[in-house]
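Visitor: using only what follows, build the 3D model:
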Amino acid sequence: MNESQSHFRFFTSFAFAGALIGTLSGISSPSSLQLIETSTPNTAYAGIGGAALAPSPFDEVVLAARAVEVFDVATGQTLFARNSDTQLPLASLTKIMTAITALSIAPNYALVPMRNENWALKDLLSFSLTASSNDGVAAAAAVGGGFISTSGIESENRGQFITEMNKEANALGLQSMYFLNETGLDESEGVAGGFGSAHDVVRLIALAYHMHPDLFDATTKATSLFTEENGNRHEADNTNKIVADIPMLRASKTGLTDLAGGNLAIIFDAGVGKPIAVAVLGSTEEGRFEDVKTLVAATLEYLQRNDTL
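Guide: Got it, this is the predicted structure:
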């Protein structure tokens, strides 16, 4: 079961990348962006400075997912986590790394040939994130690899691109992430196409959104129209079917394979200057949507109780 078919190495560690994200979110002092870490699963975390908080609505959530994390992008605070350091198959969440790697290598307007058409790279990536197009990201990876490979052979260009994806994950400090392909499709019955933790997924989508917010515009709508360079129009049906149920949705990406189960990562605004990233891994095809809605509702209640909206 599968879903439908220069570099940014100036980040020397993800701690620095987190500070950049906070700065882009309007935080005046990077020194305030200390991530609150804990090894205790199934826990809602205390606020900045360790101040005691009211009883948490996260204590009562019932989830199908194997691992989740809710991350306050502006403050760098983890609001809730359950098994968030567990490395799991990413399925099509892999496409987020594919997109930012491609855009770090090639210009937005680079032409990507696909099915007798030519797409601007950024348009094809946006289409592919929305519709979870495996063909789209495969074509983008082949062209992106051509910018850094001297081979000229498409398969070797693609291999070089996947190597670059892993280099970028390492440069960003996303230590749980490892990629065998650019789509996230399972390589075999026992080997996934990409791996990572919920902890790293929320940070990846937060960074990707702040670097390329327009890349995710279509992922917040049920359907979007794209026009390739020859004038042909294509409708992208969003694989995230709950876009209308999430207030102030800013970015989303689904994932679904036999090995991964159901995955979903989103960013939504919980208030002015309050972007929240949520990652759900190892749920079910339908359960991932219910899990995210549950976590969004709990997050809003949590923030309201503690007057941080």
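Visitor: which SS state does Phe268 fall under?
Guide: Under DSSP: H, G, I helix; E, B strand; the rest coil, the three-state class of Phe268 is strand.
Visitor: residues in contact with it?
Guide: Phe268 is in contact with Ile246, Pro247, Met248, Leu249, Arg250, Pro275, Ile276, Val278, Val296, counting by Cβ atoms under 8 Å, 6 or more residues apart in numbering. Just so you know, the C-beta spots here come from the backbone N, C-alpha and C atoms, and that holds for glycine as well.
Visitor: out of those, which comes closest to Ala142?
Guide: Arg250 (29.4 Å; Cβ to Cβ).
Visitor: quick one: the strands in the chain?
Guide: Taking DSSP state E to define them, one finds strands in the chain at 43-44, 67-72, 77-82, 88-89, 111-114, 117-120, 178-179, 194-196, 223-227, 233-237, 249-257, 261-269, 275-283.
Visitor: quickly, which of those strands bottoms out on average pLDDT?
Guide: Mean pLDDT is lowest for strand 43-44 out of the strands of the chain, coming in at a mean of 45.
Visitor: before we move on, back to that, top of the contacts of Phe268 by neighbour count?
Guide: For the contacts of Phe268, the largest neighbour count, defined by other Cβ atoms under 10 Å, is 28 neighbours, found at Val278.
Visitor: can you tell me how far it is from Val202?
Guide: According to Cβ to Cβ, to the nearest Å, Val278 and Val202 sit 7 Å apart.
Visitor: between those two, which contacts overlap?
Guide: Jointly contacting Val278 and Val202 under the rule Cβ under 8 Å, 6+ apart are Glu69, Val70, Phe71, Ala265.
Visitor: now distance to Glu229 and neighbour count too, for the residues you listed, in JSON lines please.
Guide: What follows is the shared contacts of Val278 and Val202, written out as JSON lines (distance: Cβ to Cβ, whole Å; neighbours: other Cβ atoms under 10 Å):
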{"residue": "Glu69", "distance to Glu229": "39", "neighbour count": "26"}
{"residue": "Val70", "distance to Glu229": "40", "neighbour count": "29"}
{"residue": "Phe71", "distance to Glu229": "37", "neighbour count": "30"}
{"residue": "Ala265", "distance to Glu229": "30", "neighbour count": "28"}
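Visitor: out of those, who's nearest Asn83?
Guide: Once Cβ to Cβ is applied, the member of the shared contacts of Val278 and Val202 that ends up nearest Asn83 is Glu69, at 9.1 Å.
Visitor: how far away is Gly152 from Leu281?
Guide: Using Cβ to Cβ, one gets 38 Å for the distance from Gly152 to Leu281.
Visitor: which of these two has more neighbours?
Guide: Leu281 (31 against 8).
Visitor: shouldn't the more buried one be in contact with Asp200?
Guide: No. Between Leu281 and Asp200 there is no contact under Cβ atoms under 8 Å: 10.3 Å.
Visitor: what ranges do the helices span in the stretch 101-250 of the chain?
Guide: With DSSP state H, counting those that start in this stretch, the ranges of helices along the stretch 101-250 of the chain come out as 121-131, 134-146, 154-171, 198-211.
Visitor: mind checking which of the ones you listed is nearest Asp237?
Guide: Across these, closest to Asp237 is helix 121-131 (Cβ to Cβ), at 6.1 Å.
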